[in-house]
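A.B. asks: Structure, please.
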Amino acid sequence: CRVSTARQSITMKGAIGLVVAGLAAALGQTRADQCPVPIKTCDPAQGSMAPDNFTSPTADECCAICTATTGCVGFIFRAPNSCHLKASAVYLRPCSQGDAAKDCSPCGIVVAPSPPPPAPKGAKNVLFIVSDDYRPSTGKYGVKESLTPNLDGLAATGILFAHAYVQFAYCAPSRNSFMSGRRPDATKVYNFNNHFREADTGLNWTALPEHFKNNGYLVTGSGKLFHPGVPPNFDQPRSWSESAPNGDAWPYWDSPPFPFQSNASTQCNNTGLDFHDEHFCLTTPTTGFNRTYLLDESVANVVTSRLAEAIDNYKTTGQPFFVGMGTHRPHLPWVYPREFFDRVSPNVSEAVHKQWPADVPHIGFHDCAEMSHAYFGTDGYGVPFSDADFSGHQSLMRRAYYGCLGYADMLIGQALTMLEDTGVSQNTVVSFIGDHGWHLGEHDMWCKMSVLELGTRIPFLIRAPWIPTAQGVVTHALAEAVDLYPTLSELAGLELPTGQGGEYLGGVSQVAVMHNPQGPGVKDVALSQFPRCWQNNTHYEGNKPGDENNRTNSWESMSDCHWTDRLYIDYMGYRMRTANMSITQWSKWDGVNLQPLWDEPVGIELYTHVGDDGMAPAAFDNFENVNLHGNPEYAEIEAALLARLKVEVAKWRTPWPPPAAELA
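C.D. replies: Here you go, the predicted structure:
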């Protein structure tokens, strides 16, 4: 049973029959009485323009698909065997080959809700910005080499959270978490293989942008917000308005297609540098009449175009907007115009602690495939740094990364400037986060994919101009990416969804912190997690458990489990951050119940963060260098933190396997 990946309206033209099944309920009859035929097989639908289309051998089987789909009021069956569900059925996930053995249930087909009511009176607009791999290294976070005037300006007029954390330190699981508002042990998304819209998890959950759409907002944007493919089709059309105010189609684009697509040359202009590396490419864009655009420039073009339409519509009709912007950079490769690199000082400081602390469990180390360098510890074990690769040129690599931050900042500034120029900034909430942290050579780590502070801590900025206590301030209150959902909802004036739509929401609104930035905060812990798999794990999709170049089976070369079946993950590390401590336990994974086996630990990390104010350079260099696990002076603290960690993880874990009633 397979459906395609884009939406197409259903018409009566060419139909040879129409069977209305959903009217049975209104007549006091059961739909099962109308369509009793079970489905045994479905052949793949051809093409990519009809998510409402199934290819089915008979009209009876088409009827049975409608029966199994909540809200389906009928279907169109076209000769010879084309089945279209009525009532705007929406594709949410592809079926697997095994679905046919389960009577080929509709595999994630649900029905779009009725038109939403008007937005609440006085509802605020939202500009929601996410950057990939963007660690808290802006000027306002204390990084003097980073030139980020637009985000610094946002921080100067809003609130900067110095201690904000993601729940998972890489793209797909993190985005499934904060875009749905649920934690990873609720979404059950631990890699690229799954997504929160699957029938056994969040098929009926209300996602973050969907919540605003359901409350009468115009919801649009472009770029990387949902991770491509998980959920399918960027959760269209549930989370995004299908039409512009003038009625034109408004599909959501991660990478805009023709005529908006990127068209700039990626020929590198890295001349004059003492080391040439494939991880970054400095370009020379064409300007003037024949101007060319890199990917994120094309995203910014679409965002600002739609933002302008949304603003005009807001001024004309009063309909508020939710506009999302997702920059792909600074995700590798760092491809951006050379002018941003040249603005960064050539004497960028390097990490103070460049080697992995020998007293830290080696399972925590990761040889990132995107920027591969083998383990090298403080005890001299492993592969020393070399001038032959990027590991021996840390200052240059950091300069390239900071230049990429400046490039993304410039693009974000275009949207921020439009709010100011059109006079709507005072009625618009602006939020900015990175989707996870990033290591820049600290502890011999590059990329994300860790549960250390630098892998999990993110920039987290919010501006709500009508809250005077949240303007130009820094707060040390703990925050998490899942807090965005309730925080933006409260700031905009929306109640949280109820029923299944609001089930298992995992965050807490930070609005109280915005009113009292130096107060105790709304939470005293932040949770993160990350898996590890052996390189010889055989339960994966594709040809390997993860993407690492080093396939050696050792603690120093563990996989990030990118493609490993979640039932067969080997270990999971759970981290809990408090105001002045962090603790992590790595445990064997119970794949049957998707939970840690706390009684089978393979490593524990305990660190003090006393004096950590979240500001560079100290926040990046002075902490998590000595593992305090086993230190008698911290024995009571460790025991208490471990006990609390287990309670917090259990609090947010949802049942697995889910009760049969939830799948009915």
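A.B. asks: Residues contacting the host helix or strand of residue 297, please?
C.D. replies: Using DSSP states H and E, residue 297 falls within helix 295-317. The contact list for helix 295-317 (C-beta atoms under 8 Å, 6 or more residues apart in numbering) reads 125, 127, 218, 220-223, 244-246, 250, 253, 255-256, 260-264, 293, 319-321, 323-329, 407-408, 411, 414-415, 418-419, 422, 424. Heads up, the C-betas are built off the backbone N, CA and C, glycines and all.
A.B. asks: Narrow those residues to those that are buried.
C.D. replies: 125, 127, 218, 220-223, 244-245, 250, 253, 255-256, 260, 262-264, 293, 319-321, 323-329, 407-408, 411, 414-415, 418-419, 424 (16 or more other C-beta atoms under 10 Å).
A.B. asks: Which of the contacts of helix 295-317 fall within helices?
C.D. replies: 407-408, 411, 414-415, 418-419 (DSSP state H).
A.B. asks: Residue 281: which of those residues is nearest?
C.D. replies: Lowest distance from residue 281 to these (C-beta to C-beta) belongs to residue 407, with 11.9 Å.
A.B. asks: which one is the closest one nearest to, not counting chain neighbours?
C.D. replies: Spatial nearest neighbour of residue 407, excluding adjacent residues (C-beta to C-beta, 6 or more residues apart in numbering): residue 336 at 3.9 Å.
A.B. asks: So what's the residue count around the one you found?
C.D. replies: The local packing of residue 336 (other C-beta atoms under 10 Å) involves 28 other residues.
A.B. asks: Going forward, count from 51.
C.D. replies: Sure, I'll start numbering at 51, so the last one becomes residue 386.
A.B. asks: Enumerate the beta-bridge partners assigned to it.
C.D. replies: residue 332 (DSSP bridges).
A.B. asks: does it really touch residue 332, like I thought?
C.D. replies: Yes: with contact taken as C-beta atoms under 8 Å, residue 386 and residue 332 are classed as touching, separated by 7.1 Å.
A.B. asks: Can you pull the residues that touch both of the two?
C.D. replies: Counting by C-beta under 8 Å, 6+ apart, the common neighbours of residue 386 and residue 332 are residue 453.
A.B. asks: Go through stretch 561-572 and flag the buried ones.
C.D. replies: Going by neighbour count (16+ other C-beta under 10 Å), the buried part of stretch 561-572 is 561, 563-564, 567, 571-572.
A.B. asks: first vs last residue of that stretch, how far apart are they?
C.D. replies: Start and end residues of stretch 561-572 are separated by 9 Å (C-alpha to C-alpha, to the nearest Å).
A.B. asks: which other residues reach that stretch?
C.D. replies: Stretch 561-572 has contacts (C-beta under 8 Å, 6+ apart) with 209, 211, 512, 514, 517, 519-520, 523-525, 527-529, 537, 540-541, 558-560.
A.B. asks: quick one: low-confidence ranges for the protein?
C.D. replies: Along the chain, segments meeting pLDDT under 70 span 51-110, 114, 116-164, 710-714.
A.B. asks: Scan it for its longest strand.
C.D. replies: Using DSSP state E, we find that the single longest strand of the chain is strand 645-658.
A.B. asks: Return the list of helices and strands in contact with that strand.
C.D. replies: Other elements packing on strand 645-658 under the criterion 3 or more C-beta pairs under 8 Å, 6 or more residues apart in numbering; DSSP states H and E are strand 621-627, strand 631-640, helix 685-702.
A.B. asks: For the ones you listed, give me TSV that also has mean neighbour count and distance to residue 233.
C.D. replies: Conversion of the helices and strands packed on strand 645-658 to TSV gives the following (neighbours: other C-beta atoms under 10 Å; distance: least, C-beta to C-beta, whole Å):
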stretch	mean neighbour count	distance to residue 233
strand 621-627	24	11
strand 631-640	22	16
helix 685-702	15	5
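A.B. asks: Generate CSV for those, with distance to residue 443 as supplementary columns.
C.D. replies: Putting the helices and strands packed on strand 645-658 into CSV (distance: least, C-beta to C-beta, whole Å) gives the following:
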stretch, distance to residue 443
strand 621-627, 30
strand 631-640, 30
helix 685-702, 38
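A.B. asks: And these: which comes nearest residue 550?
C.D. replies: helix 685-702 (17.4 Å).
A.B. asks: what sits up against the closest one?
C.D. replies: By C-beta under 8 Å, 6+ apart, the surrounding residues in contact with helix 685-702 are 233, 235-236, 554, 556, 575, 577, 579, 624, 626, 628, 631, 633, 635, 646, 648, 654, 656, 678-679.
A.B. asks: partners of the longest strand of the chain in the sheet?
C.D. replies: In the sheet, strand 645-658 lines up against strand 631-640 (antiparallel) (DSSP bridges).
A.B. asks: May I have the beta-bridge partners of residue 638?
C.D. replies: With DSSP bridges as the criterion, residue 638 is bridged to residue 621, residue 647.
A.B. asks: Look up how far residue 648 lies from it.
C.D. replies: Counting by C-beta to C-beta, to the nearest Å, the gap from residue 638 to residue 648 is 9 Å.
A.B. asks: for residue 269, same thing?
C.D. replies: As judged by C-beta to C-beta, residue 269 and residue 648 stand 41 Å apart.
A.B. asks: which ones are touching the residue lying closest to residue 181 once chain neighbours are set aside?
C.D. replies: Using C-beta to C-beta, 6+ apart and skipping the chain neighbours, the partner closest in space to residue 181 is residue 377 (4.5 Å). The neighbours of residue 377, taking C-beta under 8 Å, 6+ apart as the test, are 179-182, 184, 273-274, 346, 349-350, 458, 461-462.
A.B. asks: And for residue 274?
C.D. replies: Residue 274 neighbours (C-beta under 8 Å, 6+ apart): 180, 182, 221, 304, 376-378.
A.B. asks: phi, psi of residue 481?
C.D. replies: Phi and psi for residue 481, reported as degrees, to the nearest 10, are phi -130, psi 150.
A.B. asks: That one is in contact with residue 178, isn't it?
C.D. replies: Yes: assessed by C-beta under 8 Å, residue 481 is found in contact with residue 178 at 5.6 Å.
A.B. asks: Who has more neighbours out of the two?
C.D. replies: Between residue 481 and residue 178, counted using other C-beta under 10 Å, residue 178 has the larger neighbour count: 23 against 20.
A.B. asks: How about that one, nearest residue that isn't a chain neighbour?
C.D. replies: Residue 178's closest residue in space is residue 374 (C-beta to C-beta, 6+ apart), at 4.6 Å.
A.B. asks: And residue 708, by the same measure?
C.D. replies: Leaving aside its sequence neighbours, residue 708 sits nearest to residue 250 (C-beta to C-beta, 6+ apart; 5.3 Å).
A.B. asks: Let me know the secondary structure of that neighbour.
C.D. replies: Counting by DSSP: H, G, I helix; E, B strand; the rest coil, the backbone at residue 250 sits in coil.
A.B. asks: so how far is residue 691 from it?
C.D. replies: Distance, residue 250 to residue 691, using C-beta to C-beta: 32 Å.
A.B. asks: Likewise for residue 498?
C.D. replies: Distance of residue 498 to residue 691, computed by C-beta to C-beta: 24 Å.
A.B. asks: now swap in residue 507 and tell me
C.D. replies: For residue 507 relative to residue 691 (C-beta to C-beta), the value is 18 Å.
A.B. asks: And for residue 471?
C.D. replies: 49 Å.
A.B. asks: and if you look at residue 338?
C.D. replies: 59 Å.
A.B. asks: can you check residue 180 too?
C.D. replies: Residue 180 is 31 Å from residue 691, by C-beta to C-beta.
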